Every structure is written in C-alpha cells, then in structure tokens.
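Asker: sequence plus predicted model, see below.
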Amino acid sequence: MNNLDVSYYIFQDWKANRGNVKAQFVLTLFRLATWARSNKILIILFFWYLLFYRFFVEWVLGIELPWSLKAGSGLRLQHGQGLVVHGQTIIGKNCSIKHSTTIGIRINPDGSIGRAPIIGNNVDIGTHVCIIGEIEIGDNVAIGAGSIVIKSIPPNCVVVGNPARVVKVKEVTESIL
C-alpha cells in the first residue's frame, strides 16, 4: 500500500462515516497502521505508532481491527465497541459493521486452524453478529442482528437467525445501501 492508496482509503472511509467522528478517527489510525506495517523499514520507523495503535484502539476503545486485516474502501463502523475481527479476514468495499460483532476463524475437529471469512462488497452486518469459519459472504448481503453465520451466504440476500438462514432474496437492481 503506497501513500496514494492510504489517502484514498482514508478519504473513502471518512466519506462513508460522515458524522461519526469516532469511526473516522479509528479507521484513519487503522489505515495508517496498515500502511506502516506494509514494509520492514516502515515498521522500524513507525514502531511507536504501531504500539500506540494496538494500545489505544484495541485496549482503550475495545475495537480489534488488526493491521493485517484486508478491508476495502468505504468501511463503516457504527459504534464499534466490542468489535473483534480476525486479522486474516478479507472485507470488500462499502461494508458496514455494527458493535459487538465477532468475525473469526474456527478450530477444526482435527485441531487444525481454518481460514478466516471472506466478506463481499456492500455487506451490512448487524449488531451482535458472529461470523465464524471458512465461509464466503456474497455481495449485497444484509445480516440481521444477533445472527450466527457458520455457512457461506449467496449474494443479494437477507439472512437472520441462529444459525443464519436466508429470509429474502433481493432483486439485483435493489440496493442495500
């Protein structure tokens, strides 16, 4: 990630989180930490910044967005408190994540560690959602509050429940955002 990429992502995140100063601040710190972590020389130069990011964002604010996370532009955090996202997760563009959400890996019965979820573009993740395992969530998906997602979700649908199930398939022209 170069300087132009960092500024592009920061501006897109600020635009997506207009009026939410906390999310703008956290995502700016996240994008800068991701950039600083992208090169060994930058890691050395920005070592104290990376420590500050881990302490302030994760411990003080309770938002676990590891700098190894791959997140597309326009990421929206609503409230953010209690948010835990595994560092190997891939999140597409224009996604929204609400508070008390966990996105992580699953340990398989044989003891091996699975892959983190891949989340498509324009996905709206409700509050208290748990997304676990080697699953893919398609584009334009809405996940209802309190849902437990343990299986892949096709694009253009609404899912709710424990375990999450499709309750509505949206027409392609209908927009979630």
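Answerer: Thanks, I have it.
Asker: which ones are touching the most centrally placed residue in the chain?
Answerer: In the chain, the C-alpha nearest the mean C-alpha coordinate belongs to residue 91, at 5.4 Å (CA atoms, centre = their mean). Taking CB atoms under 8 Å, 6 or more residues apart in numbering, we find residue 91 in contact with 69-72, 75, 85, 97, 119, 123. To be clear about C-beta, it is placed using only N, CA and C from the backbone, and glycine gets the same treatment.
Asker: could you dump these to CSV with distance to residue 154 and neighbour count?
Answerer: Output for the contacts of residue 91, formatted as CSV (distance: CB to CB, whole Å; neighbours: other CB atoms under 10 Å):
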residue, distance to residue 154, neighbour count
69, 24, 20
70, 22, 13
71, 22, 22
72, 19, 18
75, 22, 24
85, 22, 22
97, 20, 28
119, 13, 27
123, 12, 25
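Asker: ok, the closest residue to residue 8 other than its chain neighbours - how many residues close by?
Answerer: Nearest residue to residue 8, sequence neighbours excluded (CB to CB, 6 or more residues apart in numbering): residue 73, at 6.7 Å. Number of residues near residue 73 (other CB atoms under 10 Å) recorded here: 18.
Asker: residue 73 contacts residue 9, doesn't it?
Answerer: Yes. Between residue 73 and residue 9 there is a contact at 5.1 Å, judged by CB atoms under 8 Å.
Asker: quick one: secondary structure of the residue sitting furthest away from the middle of the chain?
Answerer: The outermost residue of the chain, judged against the average C-alpha position, is residue 110 (27.8 Å), by CA atoms, centre = their mean. When classified by DSSP: H, G, I helix; E, B strand; the rest coil, residue 110 comes out as coil.
Asker: which residues touch the longest helix anywhere in the chain?
Answerer: Determined from DSSP state H, the single longest helix within the chain is helix 21-36. Applying CB under 8 Å, 6+ apart, the contact partners of helix 21-36 are 1, 3, 5-6, 9-10, 13-14, 17, 42-43, 45-46, 49-50, 53, 56-57, 61, 63, 65, 67-69, 71, 75-78, 80.
Asker: buried set for that helix?
Answerer: Burial within helix 21-36, assessed by neighbour count using 16 or more other CB atoms under 10 Å, is assigned to 23-24, 26-36.
Asker: same check on stretch 131-151?
Answerer: By neighbour count on 16+ other CB under 10 Å, the buried set for stretch 131-151 is 131-133, 135, 137-144, 147, 149.
Asker: look at residue 1 and report its pLDDT.
Answerer: Predicted confidence (pLDDT) for residue 1: 57.
Asker: how many neighbours does residue 12 have?
Answerer: Residue crowding around residue 12 was assessed by other CB under 10 Å; the count is 18.
Asker: sorry, that was for residue 160
Answerer: Residue 160: 17 surrounding residues under other CB under 10 Å.
Asker: quick one: contacts for it?
Answerer: With contact set as CB under 8 Å, 6+ apart, residue 160 has these partners: 143-144, 146-147, 167.
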